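Colleague: model this:
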Amino acid sequence: MKEIQYLLGESLPAVEIAVKGATEGPAPLDEASAHLVMSGGKRVRPVTTLLVNRACGGEQGSAVPLAAAVELIHSATLLHDDVMDEGEERRGRPASRVLWGNLVSVLAGDLVLTSALNLVQEARIEGAMEDTLGTMRALIGGEVAQLKARGREDIGIDGYLEIAEGKTASLFSCACRLGARAAGAAPEVIERVGRFGERVGIAFQIVDDVLDLEGVPHEVGKRLGHDLAEGKTTLPLALALKTSALELRPLLIDARAGDTVAAAKVSQAAPVQTACQEARSYALGETEKGLAELEVLPAGRERELLAELTRGLIERTA
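Modeller: Have a look, this model is predicted:
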């Protein structure tokens, strides 16, 4: 990450300034939004935007507004997600909704989202606003698909991928395309880096799902089994249910009712542990498909760092 910070020079600090400025608004929305936005996070999406931009020959800082916008859209979805999921923790801290209430958290998300769209508009990059709006529709579609799947055991791998493509992969894909657009890249380049982002986004979500079952709570930033309690069928759970539904169903019913002991037993069950390894293998396959798309970019350190960053995301334990 230090090499990435050095390579991107003033661009990353400029993104942070833009992100912080986006939380300015009426109290207490400013506090509630800043509580999340400035609480850290991996900043993977804006870093990806900037690296793609550089790899496509973009000038230093040309993609900064778009990189900040992508991070802000992500933050807005987290503020809204925590309300819908009744989340208590985010990034190892109390969620904004816990400190300021659901209504303020929703409005804070709206504030951040509006700021993101303003940044995209002011950037005046051809196709950027249309791309961003299309991505927001995909994000909403992913949320709706997840809502419909809540508590179900029959969504399978295809149903899971539909959710992951909308809820997570669409924004990763957009982050890459916006970086290329800001550099004035050719349509084929924009399309292929978008496919890279989509595959990486799916892999990223799968690893997140695995960590919900086998991660270290203080490193992951939330209690384990959180997805189970919310009634989500993640990829490892979908894989485990294919072979061991009868064994897991009684525990799953209790886990989804909030029983933390049952949730722990689900995560420790042998079929689930095996499924976690299968899910990581699936994520690796998606990653390799995505990395193949990077061949459209000129060879150079930026492309290498994109690949290294991607592999680090898939191998992470937090």
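
Colleague: so where's the protein shaky on pLDDT?
Modeller: For the chain, applying pLDDT under 70 flags the ranges 215-225.

Colleague: what about the strands in it?
Modeller: 89-90, 93-94 (DSSP state E).

Colleague: out of those, deepest packed?
Modeller: strand 89-90 (a mean of 19; mean count of other C-beta atoms under 10 Å). Every C-beta, even on glycine, is put in place using the N, C-alpha and C of the backbone.

Colleague: partners of that strand in the sheet?
Modeller: The strands that strand 89-90 pairs with in its sheet are strand 93-94 (antiparallel) (by DSSP bridges).

Colleague: list the neighbours of the strand it pairs with that are in contact with it.
Modeller: 35, 39, 88 (C-beta atoms under 8 Å, 6 or more residues apart in numbering).

Colleague: buried only: go through those residues for me.
Modeller: His35 (16 or more other C-beta atoms under 10 Å).

Colleague: closest one to Ala149 among the strands of the chain?
Modeller: Proximity to Ala149 (C-beta to C-beta) singles out strand 89-90 among the strands of the chain, at 22.2 Å.

Colleague: so which of the strands of the chain gets nearest Ala292?
Modeller: The nearest among those, by C-beta to C-beta, is strand 89-90 at 33.8 Å.

Colleague: will you turn the contacts of strand 93-94 into JSON lines that also has distance to Lys20?
Modeller: Below are the contacts of strand 93-94 laid out as JSON lines (distance: C-beta to C-beta, whole Å):
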{"residue": "His35", "distance to Lys20": "12"}
{"residue": "Ser39", "distance to Lys20": "12"}
{"residue": "Glu88", "distance to Lys20": "25"}
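
Colleague: now, which of the contacts of strand 93-94 sits nearest Arg54?
Modeller: Checking the contacts of strand 93-94 one by one against Arg54 (C-beta to C-beta), the nearest turns out to be Ser39, at 27.0 Å.
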